[in-house]
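Asks: This is a predicted model, with the sequence first.
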Amino acid sequence: MTGSTAAPFTADDYRARMERAVRAAAETGLAGLLVAPGPDLVWLTGYAPTATTERLTLLVLAPGQDPVLVVPTLEAPDAAKAPGASALTLRDWTDGKDPYAATAALLDASGSFGVSDNAWAMHLLGLQKALPGTSYASLTEALPMLRAVKDAAELKLLAAAGAAADATFEDIRNVAFGGRRESEIAADLDRLLREHGHAQVDFTIVASGPNGANPHHDVGDRVVERGDMVVLDFGGLKDGYGSDTSRTVHVGEPTDEERRVHDLVRTAQEAGFRAVRPGVACQEVDRAARAVIADAGYGEYFIHRTGHGIGVTTHEPPYMIEGEEQPLVPGMCFSVEPGIYLPGRFGVRIEDIVTVTEDGGRRLNDTTREMVIVD
Ligand code: ZN
Ligand code: ZN
Ligand code: ZN
């Protein structure tokens, strides 16, 4: 990432987001929000420092106060160029000065603040020392839905990122798999995602044969063989918004069992997708997908949650997981990605990004979910 994201938002858009965040903070009893470089800062201001260093950069949002971005003097010119810069006041501090004392002057000395997950511990400890009467909460825990509901412009960007990931799949299914290393196919995915407009690639999982049984297997030197199932899971950021899709392909003709397991995951993915509509709790999406797999006797082999939100990052709230009672709201975007992982043998995962509409769900990925045979 460079000094700002490529997302086409104006200072007014960022002002509206900051106002919304302050209102949400006040409603939960927080005296304000302290936002360090990372996805929350990108979403609120469009500012992404080129290098996040030990020097304090912190956005201070508090009710009845204009937004202030505390920045190191040497980075102030870059911060001033951020798309949301005119919606906030820059307060720079020079090396040798105490940035915590300068920030403390902006804060309610006995308030409770939401702190972004990306804040360095040393900065939070510095603030606590400067203002011993304050207390802090995780911003993601306090306001998990802050970025969850996407507006029309964000939806368009997520749909475009999804279409680019789909185009990548249509290309990758035509490359040679058998006889090549996972790492070579992953390099193809990286190149194709960039060719289709991604500025950042977050992951290119190529998990062949027994490696597919490990959902966190990234990529290795294993040579893909004829007869392998291969889990492909790839995504990143295009114009500041994320893509994330999985398809499981087979090299040559699959066995009956491989077909059956793939069909089961496809049916589970469909069931999760069909559960999506406004007012339904997130956990119901997980339950719908999981029930299909459990009913077929493979419940113990579906070892992760069904989905996660996506936006300016590729993993964020809301989570489609047992225990998450947050109701779905039109505009939310998240993955539906059930899988079955048979240790030492193979794995299958199918993943689409889905957005909640007034009357159900709409997929932002739409390549075939039938098993694709590759060479
Ligand atoms: Zn096979
Ligand atoms: Zn994925
Ligand atoms: Zn995912």
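Replies: Perfect, I can see it now. Ligands and ions are numbered 1, 2, ... in the order given.
Asks: how close does K129 sit to ligand 1?
Replies: As judged by C-beta to the ion, to the nearest Å, K129 and ligand 1 stand 59 Å apart. To be clear about C-beta, it is placed using only N, CA and C from the backbone, and glycine gets the same treatment.
Asks: One more: D166?
Replies: Counting by C-beta to the ion, the gap from D166 to ligand 1 is 25 Å.
Asks: Find the residue closest to that residue in space, skipping its chain neighbours.
Replies: Leaving aside its sequence neighbours, D166 sits nearest to T367 (C-beta to C-beta, 6 or more residues apart in numbering; 4.8 Å).
Asks: Where does the one you found sit: helix, strand or coil?
Replies: Assigned with DSSP: H, G, I helix; E, B strand; the rest coil, T367 falls in the coil class.
Asks: Tally up the residues packed near it, please.
Replies: Using other C-beta atoms under 10 Å, T367 is surrounded by 18 other residues.
Asks: next one: A152
Replies: 7.
Asks: Then the one 5 residues further on?
Replies: One way to gauge burial is a neighbour count; for L157, by other C-beta under 10 Å, it gives 22.
Asks: Might one say that it is in contact with G240?
Replies: Yes: L157 lies in contact with G240 (C-beta atoms under 8 Å); the separation is 6.8 Å.
Asks: which stretch of helix or strand covers the nearest residue to V175 once chain neighbours are set aside?
Replies: Nearest residue to V175, sequence neighbours excluded (C-beta to C-beta, 6+ apart): D188, at 5.5 Å. In this assignment (DSSP states H and E), D188 forms part of helix 182-195.
Asks: Now do I321 against L146, distance only.
Replies: Distance, I321 to L146, by C-beta to C-beta, to the nearest Å: 19 Å.
Asks: Comparing the two, which residue is more hemmed in?
Replies: L146 (21 against 15).
Asks: of all of this structure, which residue lies closest to ligand 1?
Replies: G227 (4.1 Å; C-beta to the ion).
Asks: For that residue, which non-adjacent residue is closest in space?
Replies: Counting by C-beta to C-beta, 6+ apart, G252 is the residue found nearest to G227 once chain neighbours are left out, at 6.1 Å.
Asks: Report all helices and strands that the next helix or strand after the helix holding D188 contacts.
Replies: Next in sequence after helix 182-195, counting helices and strands by DSSP H and E, comes strand 200-208. Strand 200-208 is packed against helix 182-195, strand 229-238, with contacts defined by 3 or more C-beta pairs under 8 Å, 6 or more residues apart in numbering; DSSP states H and E.
Asks: now those in CSV, with mean pLDDT?
Replies: Shown next, in CSV, are the helices and strands packed on strand 200-208 (pLDDT from 0 to 100):
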stretch, mean pLDDT
helix 182-195, 98
strand 229-238, 98
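Asks: Among those, which comes closest to G162?
Replies: strand 229-238 (9.1 Å; C-beta to C-beta).
Asks: name the helices or strands packed onto the closest one?
Replies: helix 152-172, helix 182-195, strand 200-208, strand 245-251, strand 346-349.
Asks: Mean neighbour count, these: which tops it?
Replies: Of all the helices and strands packed on strand 229-238, strand 346-349 has the most neighbours on average by mean count of other C-beta atoms under 10 Å, namely a mean of 26.
Asks: OK, contacts around the residue in the stretch 1-150 of the chain that ligand 2 sits nearest to?
Replies: Taking C-beta to the ion, ligand 2 has its nearest neighbour within the stretch 1-150 of the chain at P39, 17.1 Å off. For P39, the contact set (C-beta atoms under 8 Å, 6 or more residues apart in numbering) comprises N118, R147, G311, V312, T313, E316.
Asks: quick one: the first one is in a helix?
Replies: No: applying three-state DSSP, one finds N118 to be coil, outside a helix.
Asks: Can you pull the residues of this structure lying near ligand 3?
Replies: D244, S335 (C-beta under 5 Å from the ion).
Asks: quick one: low-confidence parts of the protein?
Replies: By pLDDT under 70, the low-scoring segments of the chain are 1-6.
Asks: From A105, how far off is the residue located most distally from the centre of it?
Replies: Here the chain reaches farthest from its C-alpha mean at G96, the gap being 36.7 Å by C-alpha atoms, centre = their mean. According to C-beta to C-beta, G96 and A105 sit 18 Å apart.
Asks: Equivalent analysis for G212, please.
Replies: G212 is 55 Å from A105, where distance means C-beta to C-beta.
Asks: Likewise for P37?
Replies: P37 is 21 Å from A105, by C-beta to C-beta.
Asks: Comparing the two, which shows the higher neighbour count?
Replies: P37 (23 against 11).
Asks: Nearest spatial neighbour of that one, chain-adjacent residues omitted?
Replies: Excluding its sequence neighbours, the residue lying closest to P37 (C-beta to C-beta, 6+ apart) is T52, at 4.5 Å.
Asks: Contacts only, for that neighbour.
Replies: By C-beta under 8 Å, 6+ apart, the residues touching T52 are A36, P37, G38.
Asks: got JSON lines for those, with distance to V348 and secondary structure too?
Replies: Below are those laid out as JSON lines (distance: C-beta to C-beta, whole Å; DSSP: H, G, I helix; E, B strand; the rest coil):
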{"residue": "A36", "distance to V348": "39", "secondary structure": "coil"}
{"residue": "P37", "distance to V348": "38", "secondary structure": "coil"}
{"residue": "G38", "distance to V348": "33", "secondary structure": "coil"}
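Asks: All good on my end, thank you.
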